[in-house]
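**Student:** need the 3D shape of this:
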Amino acid sequence: MPHLHLRNFVLALLAVFIFALAGGSAVAQSADDYKGDPYTIGVCPVSGEALGSMGDPILLNHEGRDIRFCCAGCPPKFESDPGQFLSKIDDLMIEAQKGHYPLDTDIVSGDALGDAPVDIVYNNRLVRFSSQMSAQKFHRDPGTFLAKLDEAVIAKQVESYPLDTCVISGEPLTVMGEPIQLVAANRLVQFCCAGCVDKFWKDPHGTFQKIDAGTAGSEVGSDHNE
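**Tutor:** Purely as a prediction, here's the structure:
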């Protein structure tokens, strides 16, 4: 598990405490603690094989980005020419995330995105701009703009969220109070408790598949009480 996940777990617990004081759903990330979205593509960027087809995926942190591979033979190939594979990953992530993107305006300037937005993938998150100038301004303070993007995702997706149970544990989302909300890959995920937030990072792609299928609990959450 990447070393940041323990920190995310602690921050999630803190978020629950803050909720108790301030009211509203707890949010698992903020501008200050954002370190990158998980790798949410279901295939290895080197081999094209499904993740999990050869055992647990191999995780690599490349310049702050979570990258996952089908087997131990693929990371060395990636590291021999990362630019080639990162371009492929970006294309896959743009295609996967643009349908969930919550805004038709530029997060920096407020201008309409238009028919040909400037798409970048920042630490596995698609961000869309109306111009290259806005993209450059974004890079000066990404945490602030990503926090605004998280707010837009939650506002757009919370009412149509397909589950009233935690996708990890299968428990009602409100079993321990208000649900914890996490935004990853421009998608809202809601959890019953901080422990489930940490488990999400083990298989984000599989978690999204379960949300899309409207199912909750499973092998991902079978160790909820361990």
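**Student:** can you pull the contacts of residue 83?
**Tutor:** Taking C-beta atoms under 8 Å, 6 or more residues apart in numbering as the contact definition, residue 83 lies against nothing. Any C-beta I mention is one placed from the backbone N, CA and C, and that applies to glycine too.
**Student:** and it, what element?
**Tutor:** Assigned by DSSP states H and E, residue 83 belongs to helix 82-97.
**Student:** show me how far that helix is from its chain's centre.
**Tutor:** 15 Å (C-alpha atoms, centre = their mean, to the nearest Å).
**Student:** buried sites along that helix?
**Tutor:** Counting neighbours by 16 or more other C-beta atoms under 10 Å, one finds that the buried residues in helix 82-97 are 82, 85, 86, 89, 92, 93, 96, 97.
**Student:** what pLDDT does the residue lying closest to residue 38 once chain neighbours are set aside get?
**Tutor:** Taking C-beta to C-beta, 6 or more residues apart in numbering, and ignoring the residues beside it in sequence, residue 38 has residue 204 as its nearest neighbour in space, at 4.2 Å. Among the per-residue scores, residue 204 shows a pLDDT of 94.
**Student:** was I right about residue 204 contacting residue 40?
**Tutor:** Yes - shown here, residue 204 and residue 40 form a contact pair, counting by C-beta atoms under 8 Å, at 4.8 Å.
**Student:** give the residues shared as contacts by the two.
**Tutor:** Residues touching both residue 204 and residue 40 comprise 184, 185, with contact defined as C-beta under 8 Å, 6+ apart.
**Student:** let me know the secondary structure of residue 45.
**Tutor:** For residue 45, the secondary structure call by DSSP: H, G, I helix; E, B strand; the rest coil comes out as coil.
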